[in-house]
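Student: Fold the following.
(one chain, ligands or ions: 1)
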Amino acid sequence: MKRVAILISGGGSNMRRLVEDMKGDHPARPCLVLSNDPGAGGLARAAEMGVPTAVVDHRAFPDRPAFEAGLTDALEAARADIIALAGFMRILTPPFVARWQGRMLNIHPSLLPKYRGLDTHARAIAAGDAEAGCTVHEVTADLDGGPILGQARVPVLAGDTAADLASRVLVQEHRLYPAVLRRFAVGQRGRLDLSPQAGID
Ligand code: GRF
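Tutor: Okay, the predicted model is just below:
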């Protein structure tokens, strides 16, 4: 049984879906929900779901390597095998990434390789894209550039605001991330393509 640490910075809706899914015949269990922000709403929700929580506040450390040493201490104490980044808003340095390479996933709200970084939905709308979506990928030192493990697509509709599109994509994030994690935990690295039309729900 793999032990999964989920790293968050905010409300943690993806974290909640991952935790809810890690039951029964699932090949993994949550061992820790960690936030860099003590105010992250997801911490209370994780505790309600019975998952140990930790805060490693980046503002309490002099620099990024010291912060990451704090992360490593917490992850080692929890004996994490896999790290799932779920709305974790800190950039990780190459040494930290290298330490966890092949064992760390992220969800990104665009159809990578399009729109790495922030403001993905506004950028997709501004570009006139007909579709948008989300990607789960392995984390490498190349920001939002690691091997793609799965994607889910949604249409961009006329008149969509970035918030409209974000909420449509988030529904798909909540399907995609648990589905990819289940596969990843048993070593499947093949790409999963979920579309609302050809859903596996
Ligand atoms: C999601 O859109 C995720 O793709 C992005 O940050 C958001 C986190 O949302 N990286 P939540 O905290 O899981 O609700």
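Student: Below-threshold pLDDT in the chain: ranges please.
Tutor: Residues of the chain that meet the criterion pLDDT under 70 lie in 196-201.
Student: What segments of this protein are strands?
Tutor: 2-8, 28-35, 53-55, 82-85, 104-108, 131-138, 148-155, 192-194 (DSSP state E).
Student: now those strands in TSV, with distance to V186 and mean neighbour count?
Tutor: Where you see a C-beta, it was placed from the backbone N, CA and C, and this is true even at glycine. Below are these laid out as TSV (distance: least, C-beta to C-beta, whole Å; neighbours: other C-beta atoms under 10 Å):
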stretch	distance to V186	mean neighbour count
strand 2-8	8	25
strand 28-35	9	23
strand 53-55	26	17
strand 82-85	11	24
strand 104-108	14	23
strand 131-138	15	24
strand 148-155	13	21
strand 192-194	13	17
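Student: quick one: which of the ones you listed is nearest S167?
Tutor: The closest of those to S167 is strand 148-155. By C-beta to C-beta, the value is 10.0 Å.
Student: Contacts (any at all) between the ligand and the closest one?
Tutor: No - remark: strand 148-155 sits outside contact range of the ligand, by C-beta under 6 Å from any ligand atom, the gap being at least 11.2 Å.
Student: Direction included, what does that strand pair against?
Tutor: Applying DSSP bridges, strand 148-155 is found paired with strand 131-138 (antiparallel), strand 192-194 (parallel).
Student: Indicate the residue of the chain located nearest to the ligand.
Tutor: The nearest approach of the chain to the ligand comes at G87, 2.7 Å away (C-beta to the nearest ligand atom).
Student: That residue against R16, yeah?
Tutor: No - contact status for G87 versus R16: not in contact, 11.0 Å apart, counting by C-beta atoms under 8 Å.
Student: tell me, what's touching these two both at once?
Tutor: Taking C-beta atoms under 8 Å, 6 or more residues apart in numbering as the contact criterion, the common neighbours of G87 and R16 are G42.
Student: Can you report how many residues lie near the residue lying closest to the residue of the chain closest to the ligand once chain neighbours are set aside?
Tutor: Spatial nearest neighbour of G87, excluding adjacent residues (C-beta to C-beta, 6 or more residues apart in numbering): G10 at 5.0 Å. For G10, the neighbour count with other C-beta atoms under 10 Å is 17.
Student: ditto for P113
Tutor: 11.
Student: middle-most residue in this protein, spatially?
Tutor: Residue closest to the average C-alpha location in the chain (C-alpha atoms, centre = their mean): A86, at 2.9 Å.
Student: Could you pull up the residues touching V33?
Tutor: Contact analysis of V33 by C-beta under 8 Å, 6+ apart lists 5-8, 12, 15, 19, 42-43, 46, 51-54.
Student: The residues you listed also near the ligand: which ones?
Tutor: 8, 12, 15.
Student: Looking at those, which one is closest to I91?
Tutor: Distance ranking of those against I91, using C-beta to C-beta, places I8 first at 15.3 Å.
Student: quick one: that closest one and G39 touch, right?
Tutor: No - using C-beta under 8 Å, I8 is not in contact with G39; the gap is 11.3 Å.
Student: distance of the residue of the chain closest to the ligand from A77?
Tutor: For G87, the distance to A77 equals 22 Å [C-beta to C-beta, to the nearest Å].
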